[in-house]
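> Have a look at this prediction, sequence included:
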Amino acid sequence: MEHSYKQFAKIYDELIHEDIDYKKIGDFVESICREYNIKNDYYLDLACGTGNVALEIAEKFKNRFLVDLSQDMLDEAYEKFREKRIKANIVCQDMTELCLNRKFDLITCVLDSTNYILDEEGIGNYFNAVNENLDDDGIFMFDINSYYKLSEILGNNIYTFNSEDVFYSWENIFEDEIVEMNLTFFVKEDGRYRRFDEIHEERAYTVETINDLLEQNGFEVLAKYDGYSKKEVTEKSERILYVVKKKGR
């Protein structure tokens, strides 16, 4: 995971901006915060990428923290927050070893970043670390690509994308509950195309496995949604959003 998104960081927004409605995600997160009367003191976005989701939420909080394992992604996020004149603490850190010496009212981890943790021990460490950094009255919101999406939709398929300045091919291999995504990019620079390759891997987790790991690491599930909507999760939900809090709080 630490090698993913290195060169990709520069073109990430161009490639996905039409596929993801960041405002919709931000509005939904805010509605959940209102529903559970979450304080607006400390907000943390894990695996923040280039900061698009955090930008939609950050201004509602007094203190903002962004964490990602990719320094290249964080550099892009820093520039966006600087341009918007929004102060944020930006930290390069592995979220399975999260340690910020703060208690957060809201922690988010969106756009299937959780799937990048490839084993249950890592997921357990991640959930435990989030629990340690979450305020007793706070909530943790994260989403996963569903088992159905990774196994049946991405599966062993091949995709391509072509624009004036970028072409890429995306070849997937699904085996042993892990989808390996082999991406080859050609990016136009000064009239020539530069090639680079990246490999991304995501683990397919069942709802039952995630529920068990949350329970083992001190969380209670408040709600599960079909993506960023109030629809119920079904067998063919592609993105599952969890809203959780500390057990007994």
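In hand now; what should we look at? Everything quoted here is computed from the prediction, not taken from an experiment.
> State the number of residues packed around Ser163.
11 (other CB atoms under 10 Å). Quick note: C-beta positions are derived from backbone N, CA and C, even for glycine.
> again, but for Lys236
That count, for Lys236 with other CB under 10 Å as the rule, works out to 11.
> repeat for Tyr159
Residues near Tyr159, counting by other CB under 10 Å, number 12.
> Name the helix or strand for it, please.
strand 158-162 (DSSP states H and E).
> Just the strands from the chain, written as ranges.
Assigned by DSSP state E, the chain shows strands spanning 42-46, 63-68, 89-92, 104-109, 134-145, 158-162, 166-175, 178-189, 192-203, 219-226, 239-246.
> hey, what's the nearest residue to Asn115 once chain neighbours are set aside bridged with?
Leaving aside its chain neighbours, Asn115 sits nearest to Glu202 (3.8 Å; criterion: CB to CB, 6 or more residues apart in numbering). Counting by DSSP bridges, Glu202 forms beta bridges with Val179.
> Surely Glu202 is in contact with Ile178?
Yes - Glu202 is within contact range of Ile178, at 7.1 Å (criterion: CB atoms under 8 Å).
> Need the overlap of contacts for these two.
Common neighbours of Glu202 and Ile178 are not found (criterion: CB atoms under 8 Å, 6 or more residues apart in numbering).
> Which one's more surrounded, those two?
A count of neighbours by other CB under 10 Å puts Glu202 above the other of Glu202 and Ile178, at 25 against 15.
> Next one: Leu46 from Ala129, what distance?
From Leu46 across to Ala129, the span is 9 Å (CB to CB, to the nearest Å).
> more crowded one of the two?
Shown here are Leu46 and Ala129; by other CB under 10 Å, Leu46 has more neighbours (25 against 20).
> and the residue nearest to the more buried one when sequence neighbours are not counted, how many neighbours?
Spatially, and ignoring its direct neighbours in sequence, Leu46 is nearest to Cys109 (4.0 Å; CB to CB, 6+ apart). Using other CB under 10 Å, Cys109 is surrounded by 23 other residues.
> for the strand holding Tyr159, what is the average pLDDT?
Computed over strand 158-162, the mean pLDDT rounds to 85.
> In terms of pLDDT, where does the residue nearest to Asn115 sit?
Predicted confidence (pLDDT) for Glu202: 96.
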